[in-house]
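Asker: using only what follows, build the 3D model:
(2 chains)
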Amino acid sequence: MTVIAGEKPALIWALRLSVVLLVGLWLFPTLGLLVSSFRTADQIATSGWWRAMFPSEQNLTLRTDPPSEQVQDGDLYVIEGRLFADGTESEISAWGTSAREPAAYLPGETAELRRGGTLTVAEDGAYRLESVDEISGKRGPRVFVTATVPPEFTLENYETVLISGNATDNMAKAFFNTLTVTIPATIIPILVAAFAAYALAWMEFPGRALLVAAIVGLLVVPLQLALIPLLKFHNEIGIGKGYIGVWMAHTGFGLPLAIYLLRNYMVGIPRDIIENARVDGATDFMIFVRIILPLSFPALASFAIFQFLWTWNDLLVAMVFLIDATGETTVMTKQIVELLGTRGGNWEILATSAFVSIAVPLAVFFAMQKYLVRGLLAGSVK
Amino acid sequence: MHPAIQGLLTIAFGVGGCVGYFYFSNLVLDRVIFPARGAHIARNIRRANMIRPWLFLLPALLALGLYLAYPVVETLRLSVTERVPGGGSEFVGLANYQQMLAEAKFWEALQNNFLWLLVVPAASTAFGLLAAQLTDRLAWGNIAKSLIFMPMAISFVGAAVIWKLVYDARPEGTDQIGVLNAIYIYFGGDAPMQWLTIPFWNNFFLMMVLIWIQTGFAMVILSAALRGIPEETVEAAIVDGAGPFQIFFKIKVPQIMDTIVVVWTTITIVVLKVFDIVFAMTNGQWETQVLANYMYDKLFRANDWGVGSASAMIIMLLVLPILVWNVYNARREMR
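Answerer: Numbers count the residues shown, from 1 in each chain, chains lettered A, B, ... in the order given. The predicted model follows:
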């Protein structure tokens, strides 16, 4: 950036800094969810996710190998091994053998065990348990350690949520249900709206201005008003709660924006192209299919993204028109709300489910941002 | 039948049906009803062209009428009737409205909604304007913008989970995992706070979620408007010795006032319909009720269609001024 008259360098630095700050502030909450989804339940519950990137000091309760592993070394019975799993690089700063004094010894020191024998623990977790008598019992003695644990991430949560989890945790079915709702609900309104938008943009007929005004009006009608009347209607014609109903509802609710966006765009197509085609004998239907539709691609893409995001993220319409008492057709948003209610404390499941549900819209968003911005500008600035 | 197959069939039927309808209805119009041949060729073509727009519009008008226009009328009717046990309904006049007005929860919802209306559009627009101005002419401004814009793609429910983690509280003495409490304790707060259960202030914690989502929208639109400002006006101000703040507030903001109003009203509409955030985060407890959630409560939990419809009409009433204003502007533009 060049220094422009009227702007001082100090101000420019302040400006850059505030942008970084603002972006950080806006990204921070989402980042928290993303990081949390890769941590175990214990990690999430014991330390803030912002600490997950750095080694942290933790108090752990570990055990030596069981007495069945003991070997005879001269006249001593010995168990040797490491307290941590292989490959971890935790460092012990203090340890102890009773819960009352978990930091009684430094690494390298030797402790007398209550059951007899001595235990030595090194900084890296290697230990040696020696005893004159044979060591009895099923499990090894407990060791309390204060250790600096390096950052550790896991894919376990995703495995639970996508593959192995039980009915409340597993999102796979809800994921496909959401997809089943979304795709037809995105495609169908586009065609219906495109024809209507063409008529409103390029055909002369009485009442056209009135219709455009009516569509602008319908654009802001709260869909809350439609819930009961339409549910009644769906029950009367026998489709009740189900996919057909939710597809129809999304189509109806998406139409005003679709028609409005597409009409605004189509009006901008040069008149010459259309008139030339008319002179060459093309019918309106041919003009629409061969000329208008291909030329309107950016507007069609904009609307498709809006409708996709809106139907994917929707909760209310799905709850009212789709999800029945059996819960077979639940969508992700609904399942997450239920998780919030029943397992509000299980952040590992919540964070992962939420991230699974927002991953697809985020991908669409970053891939098609250009069209989204264009659509927003066409939809609201006019 | 598997829903996925059903979905594919629906796409095929929907798309095929639409194309087929438009194609064949045009064909019938041109070949059978008003054929472009014979004695009345000119008259036939003229008549066919008078009818054709309505062929193009018919499916859309049917859907709009059934899914948006009819419900407004039907909800109005439901709001003045009461269901009679065993089916049917009877006219009860304004009794539903009276019953609603007598409920403390309704007034709480209305009051909170007004609070939302005051704060969210103002804050979102202000943050959006700030972000738009700061990122303008910055080399990496587009990356910054797209990150601030990103929450737009996140569902209200997803955002609710994200912010619940921010507001999380752990028992006193243990490490806080919610960032707000961690900061609060760090700066000398004594006990972690259950932010979402503190009446009145918890509204603002819920609003923050919507502000976070809507700022990106405001920023994108205002940023385009800022780009549209003629360079000369800014240059002239610099020549006259205006400082950066003067340029922003006295030259730029007045020129994009129309756009600011559009952004403001658009966010206002979103606020009036806000449901998911409150539903997922507090469900209206601890005095955070809003109209849309109150309505959902009445319709689907209390199963009281009369009062539910009455509260839906209140939402409609609040939207109405914006609706009229939008229609007025659209008509002015058409001329």
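Asker: work out for me the element residue A:375 sits within.
Answerer: Using DSSP states H and E, residue A:375 sits in helix A:369-380.
Asker: what average pLDDT does that helix get?
Answerer: The average of the pLDDT scores along helix A:369-380 is 78.
Asker: figure out how far that helix is from the centre of its chain.
Answerer: From the chain centre to the centre of helix A:369-380 is a distance of 23 Å (C-alpha atoms, centre = their mean, to the nearest Å).
Asker: tell me if it is near chain B.
Answerer: Yes - residues of helix A:369-380 contacting chain B under C-beta under 8 Å from any C-beta of the partner chain: A:369, A:372, A:373, A:376, A:377, A:380. In short, each C-beta sits where N, CA and C put it, glycine included.
Asker: quick one: which of those residues is nearest residue A:188?
Answerer: residue A:372 (20.4 Å; C-beta to C-beta).
Asker: how near is the closest one to residue A:366?
Answerer: Distance of residue A:372 to residue A:366, given as C-beta to C-beta, to the nearest Å: 10 Å.
Asker: which of those two has more neighbours?
Answerer: More neighbours surround residue A:372 than the other of residue A:372 and residue A:366, with 22 against 12 (other C-beta atoms under 10 Å in any protein chain shown).
Asker: now residue B:191: closest residue in space, sequence neighbours ignored.
Answerer: residue B:172 (5.0 Å; C-beta to C-beta, 6 or more residues apart in numbering or on different chains).
Asker: got it, and residue B:292?
Answerer: residue B:275 (3.9 Å).
Asker: next, find the distance separating the one you found from residue B:326.
Answerer: 22 Å.
Asker: what's the neighbour count on residue A:164?
Answerer: Quick note: residue A:164 (other C-beta under 10 Å) scores 11 neighbours.
Asker: chain neighbours aside, what residue packs nearest to it?
Answerer: residue A:170 (7.6 Å).
Asker: does the one you found count as helix, strand or coil?
Answerer: coil (DSSP: H, G, I helix; E, B strand; the rest coil).
Asker: can you tell me how far it is from chain B?
Answerer: Per C-beta to the nearest C-beta, to the nearest Å, residue A:170 is found 17 Å from chain B.
Asker: next, count neighbours for that residue.
Answerer: Neighbour tally, residue A:170, other C-beta under 10 Å: 18.
Asker: do the same with residue B:7
Answerer: Count around residue B:7 with other C-beta under 10 Å applied: 21.
Asker: how much space between the residue nearest to residue B:292 and residue B:169?
Answerer: Residue B:275 is 25 Å from residue B:169, by C-beta to C-beta.
Asker: compare the two (neighbour count), which wins?
Answerer: residue B:275 (21 against 18).
Asker: return the residues in contact with the more buried one.
Answerer: When contacts are counted by C-beta atoms under 8 Å, 6 or more residues apart in numbering or on different chains, residue B:275 touches A:224, A:315, A:316, B:156, B:290, B:292, B:293, B:296.
Asker: out of those, which sit inside helices?
Answerer: A:316, B:156, B:292, B:293, B:296 (DSSP state H).
Asker: how close does the closest residue to chain B within chain A sit to residue A:263?
Answerer: Taking C-beta to the nearest C-beta, chain B has its nearest neighbour within chain A at residue A:252, 2.5 Å off. For residue A:252, the distance to residue A:263 equals 18 Å [C-beta to C-beta].
Asker: before we move on, what about residue B:114?
Answerer: Counting by C-beta to C-beta - residue B:114 and residue A:263 are separated by 34 Å.
Asker: what residues does the stretch 51-200 of chain A put near chain B?
Answerer: Within the stretch 51-200 of chain A, the positions adjacent to chain B are A:176-177, A:180, A:183-184, A:187-188, A:191-193, A:195-196, A:198-200 by C-beta under 8 Å from any C-beta.
Asker: 7 Å instead, please
Answerer: A:176-177, A:180, A:183-184, A:187-188, A:191-193, A:195-196, A:198-199 (C-beta under 7 Å from any C-beta of the partner chain).
Asker: could you turn the buried ones of the residues you listed into a PyMOL selection?
Answerer: To isolate in PyMOL the members of these that are buried, counting by 16 or more other C-beta atoms under 10 Å in any protein chain shown, one can use:
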select buried, chain A and resi 176+177+180+183+184+187+188+191+192+193+195+196+198+199
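Asker: could you export the residues of the stretch 51-200 of chain A next to chain B as a markdown table, including distance to residue B:70, secondary structure and pLDDT?
Answerer: Formatted as a markdown table, those follow (distance: C-beta to C-beta, whole Å; DSSP: H, G, I helix; E, B strand; the rest coil; pLDDT from 0 to 100):
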| residue | distance to residue B:70 | secondary structure | pLDDT |
| --- | --- | --- | --- |
| A:176 | 32 | helix | 84 |
| A:177 | 28 | helix | 84 |
| A:180 | 27 | helix | 83 |
| A:183 | 27 | helix | 85 |
| A:184 | 23 | helix | 84 |
| A:187 | 24 | helix | 86 |
| A:188 | 19 | helix | 85 |
| A:191 | 22 | helix | 85 |
| A:192 | 17 | helix | 87 |
| A:193 | 19 | helix | 90 |
| A:195 | 21 | helix | 87 |
| A:196 | 18 | helix | 89 |
| A:198 | 25 | helix | 87 |
| A:199 | 22 | helix | 87 |
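Asker: which one of the residues of the stretch 51-200 of chain A next to chain B sits closest to residue B:267?
Answerer: For those, the nearest to residue B:267 is residue A:193 (24.3 Å; C-beta to C-beta).
Asker: what's near enough to touch that closest one?
Answerer: Taking C-beta atoms under 7 Å, 6 or more residues apart in numbering or on different chains as the contact definition, residue A:193 lies against A:255, A:258, A:259, A:262, B:60.
Asker: of these, which is the most crowded?
Answerer: residue A:259 (32 neighbours).
Asker: I'd guessed that one sits against residue A:215; true?
Answerer: Yes - counting by C-beta atoms under 7 Å, residue A:215 is a contact partner of residue A:259 at 5.4 Å.
Asker: what comes up buried for stretch A:44-54?
Answerer: A:44, A:45, A:46, A:47, A:48, A:49, A:51, A:52.
Asker: three-state assignment of the first one?
Answerer: Going back to what we said before, that points to residue A:44. Residue A:44 is classified as helix under three-state DSSP.
Asker: quick one: end-to-end distance for stretch B:133-150.
Answerer: Start-to-end span of stretch B:133-150 (C-alpha to C-alpha, to the nearest Å) is 18 Å.
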